[in-house]
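Peer 1: this one's structure only:
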């Protein structure tokens, strides 16, 4: 089974975010980056499917030069090769423009299965996978919690709301968006890291791919920190005093103790 | 720029159509935006054998309502829904189409929008009208940053609205003509085959009845640290719950997960320990009467919904809290 996993590099989860002086995006100076968490689960699922059924796992990532680090980590975990679409940060693109770049790289690969995380931790549109499926003319399933092979393709377990699940059968090729927690993530081994150095990373520009461009459909006009709408009684500093004051309030004001 | 609300229904276990309650929030939002834009407002619902829902639409203040019915729309598939709604939208020519941001909408809306050369603005929390155009507010970085987003394309434009962002009780009652719409869908268009819905097991833990809940998130760092919050829950006489990553990692059982994919709770007190407060978590606990948050990041979104908060290292704060509670007894 030939599997392509589309991954994205995003600011690390515990980053202190500041707004850039232009107000158009966050200040990227001093940020550290990591793989988007749901994409890490998509990669792991791809690796496990390959281990079960054989084949190849190709990592696809669009992003600036710094994304190379995240790509190398994916190769160290066991992906066979990678395609890096170099360009400005995807933050500047709407989900359709981003997906068009990925689609242009995916078409010649003719993968059996395309996996990606269900949403990104930065922009969080939760749309790239489904848009990609539509652009490539593939059937899709979202928020997937298990993937099994079936006589005529695959059977996936989809997560629905309120603890409900549903199995869905899909023919191949297909695209799945993977939910965090579907599997247990592996760490890269020392051997894996060593091997990754010799694996192919094909660097291409959107122009070289002939990615369809077009005027953007939506505009991220301004980003800002949300205003606090609720009056929160907040304590900082000495933990003992803070704890004592909180207990006092919970007992006599909120009356929950 | 007329506004169309696409509502969601799902057959109940008895097989009768039942509204997803978020539909009413979407409908109220559509009425509000249409009023602000001085444009007509319409509603549509998709399925088969949903005639008994017509009464609810007929008694709502709308210019037009459509029941979109076809046998291939049951069970739900993204292919059939997307095809049916594309045909409806090409006919009605709305300027703005609003959806509740449900799991189902997340599954088909990006496909529908792409098929019409548009990009949906997903998971919207509020809006304003500027120069006759809607500016939609959505959250980035797991709720830590807000963004104003605008459409650059002519209608139809698409947006989905976050649960709880608009109030269903603002819905204007009135009357509406209700008509049927039968799309043309070929069986060959539907490529996926959905099977029955199921639950993993009967839930042994029902957190919805708990009066006090202590909930733990990523801030706890390692499985070895869970006993610290167990002890806090014990001295409070509270149930222990968790955000998704803790259950994903297997540190607490899945049945103790709070959030959009877990349980929804409304206790007297909800104490969030080391939980940043991503929206997927907040939707599960927003109904709590008193929310307490302990987090080292003063900008964590959990403080937005907290009544009381301690900014600090939970490994220092929680032991102090345990002893303060013990002393107060």
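Peer 2: Cool, got the structure. These numbers were taken from a predicted model, which means no experiment stands behind them.
Peer 1: what residues does the stretch 1-150 of chain B put near chain A?
Peer 2: B:78-79, B:102-104, B:106-111, B:113-115, B:117-123, B:135, B:138-150 (CB under 8 Å from any CB of the partner chain). Where C-beta positions appear, they are placed from N, C-alpha and C, glycine not excepted.
Peer 1: looking at chain A, which helix or strand is least sure?
Peer 2: When the helices and strands of chain A are scored by mean pLDDT, DSSP states H and E, helix A:206-209 comes last with a mean of 91.
Peer 1: For it, which outside residues touch it?
Peer 2: Residues outside helix A:206-209 that contact it (CB atoms under 8 Å, 6 or more residues apart in numbering or on different chains) are A:85, A:87, A:101, A:104-105, A:213.
Peer 1: nearest to chain B, of those residues?
Peer 2: Within the contacts of helix A:206-209, the smallest distance to chain B is 13.2 Å, found for residue A:213 (CB to the nearest CB).
Peer 1: Tell me how the chain divides into domains.
Peer 2: Looking at chain A here, since you left the chain open. Annotated domains of chain A cover A:2-209, A:227-257 [automatic domain parsing].
Peer 1: sorry, should have said chain B
Peer 2: Domain assignment for chain B, taken from automatic domain parsing, gives B:3-189, B:207-328.
Peer 1: so of the ones you listed, which one's packed in deepest?
Peer 2: Among those, ranked by average contacts under mean count of other CB atoms under 10 Å in any protein chain shown, first place goes to domain B:207-328 (a mean of 21).
Peer 1: Correct me if wrong: residue B:247 contacts residue B:259.
Peer 2: No - applying CB atoms under 8 Å, one finds residue B:247 not in contact with residue B:259, separated by 9.4 Å.
Peer 1: so what sits against both of these two?
Peer 2: Joint contacts of residue B:247 and residue B:259 (CB under 8 Å, 6+ apart) do not exist.
Peer 1: next one: phi and psi at the residue nearest to residue B:20 when sequence neighbours are not counted?
Peer 2: Nearest non-adjacent residue to residue B:20, counting by CB to CB, 6 or more residues apart in numbering or on different chains: residue B:8, 4.0 Å away. In terms of degrees, to the nearest 10, the main-chain angles of residue B:8 are phi -120, psi 130.
Peer 1: Break down the stretch 1-150 of chain A into its helices, ranges please.
Peer 2: A:37-53, A:67-77, A:95-106, A:128-136 (DSSP state H, counting those that start in this stretch).
Peer 1: returning to that earlier point: list the contacts of the residue nearest to residue B:20.
Peer 2: Residue B:8 touches B:19-20, B:22-23, B:45, B:99-100, B:102, B:104-105, counting by CB under 8 Å, 6+ apart.
Peer 1: Could you tell me which of the residues you listed are located in helices?
Peer 2: B:22-23, B:104-105 (DSSP state H).
Peer 1: Please name whichever of the helices of the stretch 1-150 of chain A is nearest to chain B.
Peer 2: Nearest to chain B among the helices of the stretch 1-150 of chain A is helix A:128-136 (3.8 Å), distances taken as CB to the nearest CB.
Peer 1: Show me what that closest one is packed against.
Peer 2: Here helix A:128-136 touches strand A:2-7, helix A:95-106, strand A:113-117, strand A:140-150, strand A:174-178, helix B:103-115, going by 3 or more CB pairs under 8 Å, 6 or more residues apart in numbering or on different chains; DSSP states H and E.
Peer 1: Could you list the low-pLDDT ranges of the chain?
Peer 2: Picked chain A for this. A:89-92, A:228-229 (pLDDT under 70).
Peer 1: Oops, wrong one, chain B.
Peer 2: B:201-204.
Peer 1: For the residue nearest to residue A:233 when sequence neighbours are not counted, list the residues it contacts.
Peer 2: Excluding the flanking residues, the one nearest residue A:233 by CB to CB, 6+ apart is residue B:308, at 5.1 Å. Counting by CB under 8 Å, 6+ apart, residue B:308 makes contact with A:232-234, A:246, A:249-250, A:254, B:290-293.
Peer 1: Could you measure from residue B:308 over to residue A:247?
Peer 2: 10 Å (CB to CB, to the nearest Å).
Peer 1: Now do the shared contacts for those two.
Peer 2: Residues touching both residue B:308 and residue A:247 by CB under 8 Å, 6+ apart: none at all.
Peer 1: Indicate the residue of the stretch 151-257 of chain A located nearest to chain B.
Peer 2: Using CB to the nearest CB, the closest approach of the stretch 151-257 of chain A to chain B is made by residue A:181 at 3.1 Å.
Peer 1: residues contacting that residue?
Peer 2: Counted by CB under 8 Å, 6+ apart, residue A:181 has contacts A:41, A:145, B:244-245, B:247-249.
Peer 1: ok, so of those, who is nearest residue B:283?
Peer 2: For those, the residue nearest residue B:283 by CB to CB is residue B:244; the value is 11.8 Å.
Peer 1: surely that closest one meets residue B:257?
Peer 2: Yes - the pair residue B:244 and residue B:257 qualifies as a contact (CB under 8 Å) at a distance of 5.8 Å.
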